[in-house]
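**Student:** here you go, sequence then predicted model.
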Amino acid sequence: QALSSSSRGAMSAVPKTQVSYVSRQEIHDNKVPLDFRDYCAHLLIPLNRCRNQMNYLPWECVTLRNAYEKCQYNDYERRRDVKKEMDRAAKAEREAERESK
């Protein structure tokens, strides 16, 4: 069933704020590398556990991997939207400053 672009956008709404679901201690205990200690670490911990149990077979842990990658993509979209909003605000401020001179 085909979805219109407006209904697709509503379904993939990206939250404006992020909430960490795991504590720093849990991240440390599970030896999550520093580069991966982000808002998706709560999905990475069970994914890495599954990968270790399944000897990194590529066809195993697919659901966990997809969930982790989706979280990473949503976080990217959120950061991109925040950056766009910051750029818009800075541009509006510059224009207001030029007009006041």
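**Tutor:** Great, that's in hand.
**Student:** which parts of the protein are helices?
**Tutor:** Counting by DSSP state H, the chain forms helices over residues 5-11, 24-29, 41-53, 62-100, given from the N-terminal end onward.
**Student:** which of those is buried the deepest?
**Tutor:** With neighbours defined by mean count of other Cβ atoms under 10 Å, none of the helices of the chain is more surrounded on average than helix 41-53, at a mean of 17. C-beta here means a position set from N, CA and C on the backbone, and glycine is covered the same way.
**Student:** roughly how far is it from the heart of the chain?
**Tutor:** 17 Å (Cα atoms, centre = their mean, to the nearest Å).
**Student:** and the average pLDDT for that helix is what?
**Tutor:** For helix 41-53, the mean pLDDT works out to 95.
**Student:** quick one: contacts of it?
**Tutor:** Taking Cβ atoms under 8 Å, 6 or more residues apart in numbering as the criterion, the residues outside helix 41-53 that touch it are 20-22, 26-27, 30, 32, 36, 60-61, 64-65, 67-68, 71.
**Student:** run the last query once more with 6 Å
**Tutor:** Judged by Cβ atoms under 6 Å, 6 or more residues apart in numbering, the contacts made with helix 41-53 from elsewhere in the structure are 21-22, 27, 30, 32, 36, 61, 64, 67-68, 71.
**Student:** compute the inter-axis angle for it and helix 62-100.
**Tutor:** Orientation of helix 41-53 against helix 62-100 (axes from the mean of the first three to the mean of the last three Cα atoms, to 10 degrees) gives an angle of 150 degrees.
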